[in-house]
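> Here's a sequence, model it:
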Amino acid sequence: MLVIGLTGGIASGKSTVSRMFEEAEVPIICLDALAREVVKPGAPALEEIRKEFGDAVLDSDGGLDRTAMARVVFENPDKRKKLEAIIHPRVEQEKDRISSELERSGHDLLVLDVPLLYEVGWDRSCDVVVVVYVPRIVQEQRLRQRDGLTEKDARLRLQAQIPIDEKRERADFVIDNSGDLKETRAQFEAVLAQLRVMAARSKKRETGW
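Got it, this is the predicted structure:
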């Protein structure tokens, strides 16, 4: 099974490309969704977070207040690393379990949808990486418009990630999402065709067929 890391920068349009993979019936593991699962009320990870960061990062129902948590970690890299040390091992364990099930089911392709793929080193778990790209200035504009952020808050969030141009340089495939949806889809289809060829070749090497 060919494991594809799908990433980009915040507000680059990664979710748009992820939906295209879904429409093409390629299984996707969204690590953001897994991260939300492991911090549900009652989960051991949430209790660790409460002990580390205090009740101020919990909402009125005792769940994780993601907005409050974001304010803490985006302004303090050390605290962000502490949060990641709590969440990421549990996410990776669940990701590995699902991946194994999909491979046993005979799937040739698997997408790992990971916003911070390079930042946390999960690119090492992938055979290839697809980066959804837009220029930094477009990122900031879209982020401020989408989330209603100030210029300062938008830049703090961008600074918490590896620069989008560096991700583009490290990628095996790049989908430029600066244009319209039709242009993005055309690039996606071309990339997907290449990924299917790679998966077929990999399977042939493994089976001898």
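
> The residue nearest to residue 13 when sequence neighbours are not counted: how many residues sit nearby?
Nearest residue to residue 13, sequence neighbours excluded (CB to CB, 6 or more residues apart in numbering): residue 177, at 3.7 Å. The C-beta positions use only the backbone N, C-alpha and C, and glycine is treated the same way. Per other CB atoms under 10 Å, the neighbour tally for residue 177 reads 23.

> Hmm, residue 177 is touching residue 134, no?
Yes - between residue 177 and residue 134 there is a contact under CB atoms under 8 Å: 5.3 Å.

> Spell out which residues are contacts of both of these two.
Common contact partners of residue 177 and residue 134 (CB atoms under 8 Å, 6 or more residues apart in numbering): 8, 12-13.

> Please narrow these to those residing in strands.
Among the shared contacts of residue 177 and residue 134, the members found in strands (DSSP state E) are residue 8.

> now the shared contacts of residue 177 and residue 134 as TSV including pLDDT, distance to residue 90 and neighbour count?
As requested, these are exported to TSV (pLDDT from 0 to 100; distance: CB to CB, whole Å; neighbours: other CB atoms under 10 Å):
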residue	pLDDT	distance to residue 90	neighbour count
8	94	24	30
12	91	26	28
13	91	28	21
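
> Identify, from the shared contacts of residue 177 and residue 134, the entry nearest to residue 81.
residue 8 (21.9 Å; CB to CB).

> beta partners for the closest one?
residue 132 (DSSP bridges).

> quick one: contacts for the residue most central in space within the chain?
By CA atoms, centre = their mean, the chain has its centre lying nearest to residue 114, at 1.6 Å. Counting by CB under 8 Å, 6+ apart, residue 114 touches 5-7, 31-32, 120, 122.

> Identify the residue spatially nearest to it, adjacent ones excluded.
Per CB to CB, 6+ apart, closest to residue 114 is residue 31, 4.7 Å.
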